[in-house]
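Colleague: Build me a structure from this.
(chains A and B)
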Amino acid sequence: AQKVTQAQTEISVVEKEDVTLDCVYETRDTTYYLFWYKQPPSGELVFLIRRNSFDEQNEISGRYSWNFQKSTSSFNFTITASQVVDSAVYFCALSEGPGTASKLTFGTGTRLQVTL
Amino acid sequence: SAVISQKPSRDICQRGTSLTIQCQVDSQVTMMFWYRQQPGQSLTLIATANQGSEATYESGFVIDKFPISRPNLTFSTLTVSNMSPEDSSIYLCSTRGQLAGDTQYFGPGTRLTVL
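Modeller: Next comes the predicted model:
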């Protein structure tokens, strides 16, 4: 069975600080996908990134970066120079297999609070 | 990509009644998924809906409580039956894009409060 662990329940930082959100996953499949979503107070899920298991390249998108390490089954997310608008709950998720029938298993989420 | 809309966006219902949530996708998709997010919790998959067949329910969810329809490749409904306050949650519809490398898309959610 697949499992996603986000050990950090809540993180508080001051604006402009860097922050890393941890995600550890478990799966028996060799083909799988990892996701990060942002859920602001309004409730909608905002897609941030999708990474497949064969691509271990780290990715940077603006202030966001992701570190995927299969050796430790981790897919961590870093926000550089955090801003108040980054305040939200962030979910890491896993799906097994490449098909359109794959369902997502979510972690419990990390609530990020960025203050001035 | 896929754009998903849901109706209603929110509702307040009385105990014992039922509510049907509609999910519309702007393109034809194979599978549609229904998730529940209880207050302060993560997302949990309720069921997977394939057009033309019975939905597949996850452990802990049953068809009598959460009947699902999937009449065509762009539309699905989830009914929350005989509601109790424990059903107060956000219900989200989801699908994966049909293109290779496409991602998992979510609707804006239906925020349900049961009194």
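Colleague: Could you give the separation of the worst-scoring helix or strand of chain B on mean pLDDT from the chain centroid?
Modeller: The weakest-scoring helix or strand in chain B, judged by mean pLDDT, DSSP states H and E, is strand B:104-106 (a mean of 88). Chain-centre distance of strand B:104-106: 12 Å, with C-alpha atoms, centre = their mean, to the nearest Å.
Colleague: which outside residues touch the following helix or strand past that strand?
Modeller: For strand B:104-106, the succeeding helix or strand toward the C-terminus, using DSSP states H and E, is strand B:110-114. Strand B:110-114 is contacted by residues A:43, B:6-15, B:19, B:21, B:80, B:83-92 when judged by C-beta atoms under 8 Å, 6 or more residues apart in numbering or on different chains. (Glycine included, C-beta is placed from N, CA and C.)
Colleague: Can you report phi and psi for residue B:85?
Modeller: Main-chain torsions, residue B:85, degrees, to the nearest 10: phi -60, psi -30.
Colleague: Next up, identify which helix or strand the residue nearest in space to the middle of chain B is on.
Modeller: Computing the C-alpha centroid of chain B and ranking residues by C-alpha atoms, centre = their mean puts residue B:34 first, at 3.3 Å. Using DSSP H and E, residue B:34 maps to strand B:31-37.
Colleague: That strand pairs with which strands?
Modeller: If you go by DSSP bridges, strand B:31-37 pairs up with strand B:43-50 (antiparallel), strand B:89-96 (antiparallel).
Colleague: Direction included, what does the helix or strand that the first one is followed by pair up with?
Modeller: Read that as strand B:43-50. Later in the chain than strand B:43-50, the nearest helix or strand by DSSP H and E is strand B:56-57. Using DSSP bridges, the strands paired with strand B:56-57 are strand B:43-50 (antiparallel).
Colleague: can you pull the buried residues of the strand it pairs with?
Modeller: Residues of strand B:43-50 classed as buried under the neighbour-count rule (16 or more other C-beta atoms under 10 Å in any protein chain shown) are B:43, B:45-49.
Colleague: count of residues packed around residue A:20?
Modeller: 13 (other C-beta atoms under 10 Å in any protein chain shown).
Colleague: Who does residue B:111 form a beta bridge with?
Modeller: residue B:10, residue B:90.
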